[in-house]
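Asker: give me a 3D structure for the following:
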Amino acid sequence: QVQLVESGGGLVQAGGSLRLSCAASGRTVSISRMGWFRQAPGKEREYVARIRWSGGSTYYADSVKGRFTISRDNAKNTVYLQMNSLKPEDTAVYYCALDRQGGAYDYWGQGTQVTVSS
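Answerer: Alright, predicted model coming up:
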């Protein structure tokens with residue numbers, strides 16, 4: 001089993017920054033990729049960003065490109081999401097997810113609330 005623990009959410013004014021962290025523990029012998037998703041009330045879940053554990057290639061949703069940066073610390077089995085120039089529309093619960101074998105995301109964190117005030 002793998003456990004994911006997120007931290008770093010909170011309340012910030014528009015234009016501000018937050019850094020989310022997600023630490024994986026348990027059976028983390030192999031990680032293919034980790035990603036961040038978000039879901040706002042009444043909206044579908046959005047795939048925000050992804051990083052491959054080997055090589056570090058990244059993906060960003062168009063809505064966050066140029067403002068958010070995903071990074072990883074392989075030694076700590078931790079993924080980060082640096083969020084800059086935050087907008088009210090970034091308000092959501094942010095979830096991290098882990099894919100061990102290159103298929104679907106197998107494990108999910110509990111979510112952390114990000115609220116951006118205008």
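Asker: CA atoms for contacts and neighbours, from now on please.
Answerer: Noted.
Asker: just confirm residue 115 is within a strand.
Answerer: Yes - the assignment for residue 115 by DSSP: H, G, I helix; E, B strand; the rest coil puts it in a strand.
Asker: what's the burial count for it?
Answerer: Number of residues near residue 115 (other CA atoms under 10 Å) recorded here: 20.
Asker: these two touch, right, it and residue 88?
Answerer: Yes - counting by CA atoms under 8 Å, residue 115 does reach residue 88; the two are 7.3 Å apart.
Asker: how close does the closest residue to residue 31 other than its chain neighbours sit to residue 108?
Answerer: Among residues not flanking residue 31 along the chain, residue 100 sits closest, at 4.3 Å (CA to CA, 6 or more residues apart in numbering). Distance from residue 100 to residue 108, counting by CA to CA, to the nearest Å: 12 Å.
Asker: so where is this structure shaky, pLDDT-wise?
Answerer: When residues are selected by pLDDT under 70, those of the chain lie in 28-29.
Asker: just the strands in it please.
Answerer: Per DSSP state E, the chain carries strands over the ranges 2-7, 10-13, 18-26, 33-39, 46-52, 58-60, 68-73, 78-83, 92-99, 107-108, 112-117.
Asker: which residues does the fifth one contact?
Answerer: Outside strand 46-52, the residues within contact range by CA atoms under 8 Å, 6 or more residues apart in numbering are 32-39, 57-61, 64, 70-72.
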